[in-house]
Every structure is written in C-alpha cells, then in structure tokens.
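Visitor: Just to be clear, the model below is a prediction. Sequence and coordinates:
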Amino acid sequence: MAVERESFYQCEVKRRRVRASGGYEPFWKVKTIAEALEDNDTEFRCMNCGGAVKVFKRSPEGGQETHIGHKFKSDSEYCSAGMYFLKATDGRVARQSSSPVH
Ligand SMILES: [Zn+2]
C-alpha cells in the first residue's frame with residue numbers, strides 16, 4: 001500500500017515591498033509552489049500554521065505534480081491542513097507552528 005503523504009500546492013513565500021516610510025519590508029504572499037519555483041522564490045512556509053515545509057519536485061518521469069508538505073510532523077499534527085491533524089480523532093484544536101518561519 002502506498003504511503004500516505006501530505007501534499008499541498010499552495011504556500012506562502014517571502015517577498016519584499018517598499019515601505020511607505022522608506023526602505024523595504026518583508027511580507028508573505030500566497031502562491032502555488034509551482035509558481036513560486038518559477039519565480040525563483042527561496043523562502044516558503046505553510047500558509048495555515050506558518051511552519052517549515054519541504055518541497056517535492058515533480059520528477060521528469062511524471063507522477064505527482066510539484067507539491068509541499070510539512071517538514072516537521074509536530075506541525076502536521078496541529079496544523080488545520082495537516083495530514084495528522086485531519087486524521088486525529090481526539091478533538092484537538094489547530095494551532096500555529098511552535099517554530100514558525102519568520
Ligand atoms: Zn501547516
């Protein structure tokens with residue numbers, strides 16, 4: 001049986017914008033991972049819990065599209081979109097990652 005894996009196609013990527021008072025400020029923008037890679041973005045995080053994510057690129061032979069999943073199981077266990085969270089039957093409440101990406 002295939003191992004169940006998390007797969008999200010949307011994430012937040014870190015961008016910079018001009019601040020009204022001058023200089024730049026970082027902000028997070030929601031994009032699909034495929035789009036982010038095309039734009040050469042390098043900093044990603046989960047749009048639901050702010051946790052670190054891993055990128056799984058589509059292999060040249062085909063298969064699943066490029067996607068992301070939580071880097072840490074502990075995030076997946078309490079993220080509202082996490083595979084382990086969705087499977088949990090103990091009525092737990094989703095929360096932000098304990099080590100969010102800033
Ligand atoms: Zn998450």
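Guide: Right, received. Where do you want to start?
Visitor: how long is stretch 19-28 from one end to the other?
Guide: Using Cα to Cα, to the nearest Å, the end-to-end distance of stretch 19-28 comes to 14 Å.
Visitor: can you list the residues of the chain near the ion?
Guide: Cys46, Asn48, Cys49, Gly51, Cys79 (Cβ under 5 Å from the ion). From N, CA and C alone the C-beta is placed, and that goes for glycine too.
Visitor: Neighbour-wise, which one of those leads?
Guide: Counting by other Cβ atoms under 10 Å, Cys46 has the largest number of neighbours within the residues of the chain next to the ion, with 28 neighbours.
Visitor: Correct me if wrong: it contacts Tyr78.
Guide: No. Look at Cys46 against Tyr78 with Cβ atoms under 8 Å: they stay out of range, at 11.1 Å.
Visitor: Name the nearest residue to Cys79, ignoring sequence neighbours.
Guide: Cys49 (3.7 Å; Cβ to Cβ, 6 or more residues apart in numbering).
Visitor: Might you report the residue contacts of the one you found?
Guide: Taking Cβ atoms under 8 Å, 6 or more residues apart in numbering, we find Cys49 in contact with His70, Asp75, Tyr78, Cys79, Ser80, Ala81, Gly82, Ala94, Arg95, Gln96, Ser97, Pro100.
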